[in-house]
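Participant: sequence unknown, structure follows:
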Ligand SMILES: Nc1ncnc2c1ncn2[C@@H]1O[C@H](COP(=O)(O)OP(=O)(O)OP(=O)(O)O)[C@@H](O)[C@H]1O
């Protein structure tokens, strides 16, 4: 089984992925933040580094998809390849932070890869409004994320909602996390697990 968690920056994907992995005994595949050679530079100058960063993420996410396919184990994935292309890269292009020829090259590469990508059995979308996202980004305190503009988060959020609305590749569970604190409150974690159990039971 392949479960994926999707959601904006600071939505709480990594924490939930860890908790679900512990609860269900699934393997976890995290996003490559440590050791990412472009991320800090990208936050300093998005136009300069957008193409480099997107190629880096696309490749690392494609590698994960191949690993999931080969492993034969139940895996939970922290963020998907769809988000890179349909949300992050698109947003950079829409806001003139990626030039058209780079975006075209990127999209053509993504479209070629897509034919080899199998969608997750269940996609969990963690939906959060700006105050929640900003609060969690502050709390986490990664230096290079602190100057991120609310407008950047907001345009990503709009694209996330559109993505979820049109997602047809497989099962989708939308969870509004604005009022949830599953990192610290066991009842909130139980609530989320209940929603997932219900969705998996419908699927089975
Ligand atoms: N395709 C992408 N383009 C630009 N930035 C990206 C892309 N994919 C990931 N990122 C950035 O890389 C970092 C990933 O951090 P991390 O794995 O902690 O996830 P996150 O999005 O902050 O999620 P969460 O808080 O929900 O776990 C974030 O700053 C995120 O915005």
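Facilitator: Perfect, I can see it now. All of these numbers come straight from a predicted model, not from anything done at the bench. Residues are numbered from 1 along each chain as shown.
Participant: Just name whatever secondary elements the helix or strand hosting residue 106 is in contact with.
Facilitator: If you go by DSSP states H and E, residue 106 is part of helix 100-114. Where contact means 3 or more CB pairs under 8 Å, 6 or more residues apart in numbering; DSSP states H and E, helix 100-114 is packed against helix 46-71, helix 81-83, helix 90-94. No exception for glycine: its C-beta is placed from N, CA and C like everyone else's.
Participant: how near is the closest residue to residue 62 other than its chain neighbours to the ligand?
Facilitator: The shortest distance from residue 62 to any non-neighbouring residue, by CB to CB, 6 or more residues apart in numbering, is to residue 113 (5.4 Å). Distance of residue 113 to the ligand, given as CB to the nearest ligand atom, to the nearest Å: 14 Å.
Participant: now residue 195
Facilitator: 17 Å.
Participant: Just the buried positions in the helix or strand containing that residue, please.
Facilitator: Using DSSP H and E, residue 195 sits within helix 186-203. For helix 186-203, a neighbour-count test (16 or more other CB atoms under 10 Å) marks 189, 192, 193, 196, 199, 200 as buried.
Participant: got CSV for those residues, with pLDDT and distance to residue 7 too?
Facilitator: Rendered in CSV, the data for the buried residues of helix 186-203 read as follows (pLDDT from 0 to 100; distance: CB to CB, whole Å):
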residue, pLDDT, distance to residue 7
189, 97, 16
192, 97, 13
193, 97, 17
196, 96, 14
199, 94, 16
200, 90, 19
